[in-house]
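Undergrad: pasting the sequence and the predicted coordinates here, then a few questions.
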Amino acid sequence: MTTATECIEIQADSRQVLDERLDDAVRGLQQIAMETGTQGILLTRHKAGHYTAALSDQVPFGMTRELIN
């Protein structure tokens, strides 16, 4: 079971904007993850230009993984 204590939805039409939003989301989640030291970050691609970024107990602390749906 994945526990997501924080989830950020990211949508963008251009690659540059998408990259910036993904980077911002990951940085924010890294700060939250540092408080507990138990969760990593899972980026999920739902479709082109639409992602979610979340803390996940399925990803080791200090790691970021991408899942493509």
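TA: Great, that's in hand. Numbering: from 1, shown residues only.
Undergrad: so what's the nearest residue to A25 once chain neighbours are set aside up against?
TA: Nearest in space to A25, with sequence neighbours left out and distances taken as Cβ to Cβ, 6 or more residues apart in numbering, is A53 at 4.0 Å. (Each C-beta comes from the backbone N, C-alpha and C, glycine too.) Residues near A53 by Cβ atoms under 8 Å, 6 or more residues apart in numbering: C7, I8, I10, L22, A25, V26, L29, I41, L42, L43, T44.
Undergrad: now the fifth one: phi and psi?
TA: According to degrees, to the nearest 10, the main-chain angles of A25 amount to phi -60, psi -40.
Undergrad: next one: the last one
TA: Its backbone dihedrals place T44 at phi -120, psi 120, with angles given as degrees, to the nearest 10.
Undergrad: what sits against it?
TA: T44 makes contact with Y51, T52, A53, A54, E66, L67, I68, N69 under the criterion Cβ under 8 Å, 6+ apart.
Undergrad: which SS class is the third one?
TA: Read that as A53. Following DSSP: H, G, I helix; E, B strand; the rest coil, we place A53 in the strand state.
Undergrad: which SS class is T38?
TA: Three-state call for T38 (three-state DSSP): coil.
Undergrad: correction: the previous question concerned E35.
TA: helix.
Undergrad: can you check V17 too?
TA: helix.
Undergrad: before we move on, what about D24?
TA: Strictly by three-state DSSP, D24 counts as helix.
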